[in-house]
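Asker: what's the 3D shape of this:
(one chain, ligands or ions: 1)
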Amino acid sequence: MANVIVTGGAGYIGAHACKALKAAGYTPVAFDNLSTGWRDAVRFGPLHEGDLLDRASIDAAFATYQPIAVMHFAALSLVGESMKDPGKYWRENVTGAANLADAAVAAGCLNFVFSSTCATYGDQDGVVLDEETEQLPINAYGSSKRAIEQLLADFEAAHGLRSVIFRYFNVAGCDPDAEVGEQHVPETHLIPLMLDAIAGKRDALTIFGTDYATPDGTCIRDYVHVSDLVDAHVKGLEWLKADKGSRVFCLGSGDGFSVREVVDASGTVTNRAVPVIEGQRRPGDAAALVSGSRRAAEELGWTPQRSDIATMIADAWRWHQSEPYER
Ligand code: UFG
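Answerer: Numbering: from 1, shown residues only. Modelled structure (predicted):
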């Protein structure tokens, strides 16, 4: 079975990608420094402990596994933190990606699948976002991801590295089998925080801002199920193997939900009350981010199966009630 290096393979999306790769007949090699990931989440192939700021550890992984492709998930991804400490984001995300791309080229591995984000678009009021929309990030997290997209274009021009870049909207839900799931320390994401509040593990969910220019005043996001998202990655890998060239794809469901709508849906799915507090806006948050892209559907043949809001919450709730990972 062909090997694929999955950076961040011990993290939330990376672990789901490893499951999907294994199901598609590949051996996923999780490359992870376990700073935020979980040893326990590496269930579908080997773990290679290494760090993207340590070039020798990346070279060692390429030499050991001779991968046909890289899927690059490892990154810092907290918008708020990136506003306070941009240097950390440029160092770890951009320098880390440069080291990885250099190592891939040196090893002759020229297929690169990259996790980018709709945070590269910034706050463009009323604009339906697709691959042609100008990227105007408003936080250092988004800037660092846009820089990596540019880096990959430069590597293609210089070295022939081919990339499929996925710009994610809000990834949610968990593996329906609950083999892997979403577990962050600290947790910052809306749905797991809400499930914690529902389960009594925290007092309440704070809604960050109720005065946005949206119908109910709370931020609107486009939520996409992690299992659908990683299926697109497998299709992206097949795209590169078929020599179809570098391409950017947005991955979202195309439907926007406000924070209040997600709160209401969680109450319905779990059949429990959701304790909420109305709080201040969180710096760096755009009012609305919704994908209008059809490209992944039309060109990759990607059809999300579980990305309706009730299924995403139900899958996350099942995982939430199972055994947590241990390090
Ligand atoms: N929110 C709250 N209360 C909370 C947490 C979140 O009201 O306690 C709100 C946020 O303000 C936002 C929405 O819920 O409007 C979703 O917030 P998340 O933190 O779950 O997700 P983000 O939209 O901030 O960020 C996520 C990923 C990023 C990615 C981004 C793209 O974490 O990596 O989506 O929008 F870039």
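Asker: can you give me the pLDDT of the spatially closest residue to Val42 that is not a sequence neighbour?
Answerer: Spatially, and ignoring its direct neighbours in sequence, Val42 is nearest to Ala30 (4.7 Å; C-beta to C-beta, 6 or more residues apart in numbering). C-beta here means a position set from N, CA and C on the backbone, and glycine is covered the same way. Note on Ala30: pLDDT of 99.
Asker: which of the helices or strands spans Ala30?
Answerer: Secondary structure from DSSP states H and E places Ala30 in strand 27-32.
Asker: list the contacts for the closest residue to Val259 other than its chain neighbours?
Answerer: Of all residues not flanking Val259 in the chain, Thr218 sits nearest, at 3.8 Å (C-beta to C-beta, 6+ apart). By C-beta atoms under 8 Å, 6 or more residues apart in numbering, the residues touching Thr218 are 207, 209-210, 212, 258-260.
Asker: same check on Met71?
Answerer: When contacts are counted by C-beta under 8 Å, 6+ apart, Met71 is found next to 4-7, 14, 17, 21, 113, 115, 233, 237.
Asker: how much space separates it from the ligand?
Answerer: Per C-beta to the nearest ligand atom, to the nearest Å, Met71 is found 16 Å from the ligand.
Asker: so that residue: helix, strand or coil?
Answerer: strand (DSSP: H, G, I helix; E, B strand; the rest coil).
Asker: so the residue nearest to Val42 sits against Val6, correct?
Answerer: Yes - with contacts counted by C-beta atoms under 8 Å, Ala30 reaches Val6, the gap being 5.4 Å.
Asker: shared neighbours of these two, which are they?
Answerer: Common contact partners of Ala30 and Val6 (C-beta under 8 Å, 6+ apart): 14, 18, 45.
Asker: can you tell me how far the last one is from the ligand?
Answerer: So that's Gly45. From Gly45 to the ligand the distance is 24 Å (C-beta to the nearest ligand atom).
Asker: do the first one as well
Answerer: Distance of Gly14 to the ligand, given as C-beta to the nearest ligand atom: 13 Å.
Asker: now that residue: which helix or strand?
Answerer: Under the criterion of DSSP H and E, Gly14 resides in helix 12-23.
Asker: that helix packs against which elements?
Answerer: If you count contacts as 3 or more C-beta pairs under 8 Å, 6 or more residues apart in numbering; DSSP states H and E, helix 12-23 packs onto strand 3-7, strand 27-32, strand 69-72, helix 226-241.
Asker: so which of the ones you listed is nearest Asn139?
Answerer: Asn139 lies closest to strand 69-72 among the helices and strands packed on helix 12-23, at 20.1 Å (C-beta to C-beta).
Asker: who wins on neighbours among the shared contacts of Ala30 and Val6?
Answerer: Cys18 (30 neighbours; other C-beta atoms under 10 Å).
Asker: which residues touch the residue nearest to that residue when sequence neighbours are not counted?
Answerer: Nearest non-adjacent residue to Cys18, counting by C-beta to C-beta, 6+ apart: Pro28, 3.8 Å away. Under the criterion of C-beta under 8 Å, 6+ apart, the neighbours of Pro28 are 3-4, 6, 9, 17-18, 21-22, 44-45.
Asker: farthest-apart pair in the residues you listed, please.
Answerer: Asn3 and Ala17, at 13.7 Å, using C-beta to C-beta across the contacts of Pro28.
Asker: what about these two, which has more around it?
Answerer: Counting neighbours by other C-beta under 10 Å for Asn3 and for Ala17 shows that Ala17 has the greater number, 30 against 21.
Asker: thought the more buried one was touching Val230?
Answerer: Yes - using C-beta under 8 Å, Ala17 is in contact with Val230, at 4.4 Å.
Asker: re the thing from before, possible to save the helices and strands packed on helix 12-23 as a markdown table with distance to Ser143?
Answerer: Shown next, in a markdown table, are these (distance: least, C-beta to C-beta, whole Å):
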| stretch | distance to Ser143 |
| --- | --- |
| strand 3-7 | 20 |
| strand 27-32 | 24 |
| strand 69-72 | 17 |
| helix 226-241 | 22 |
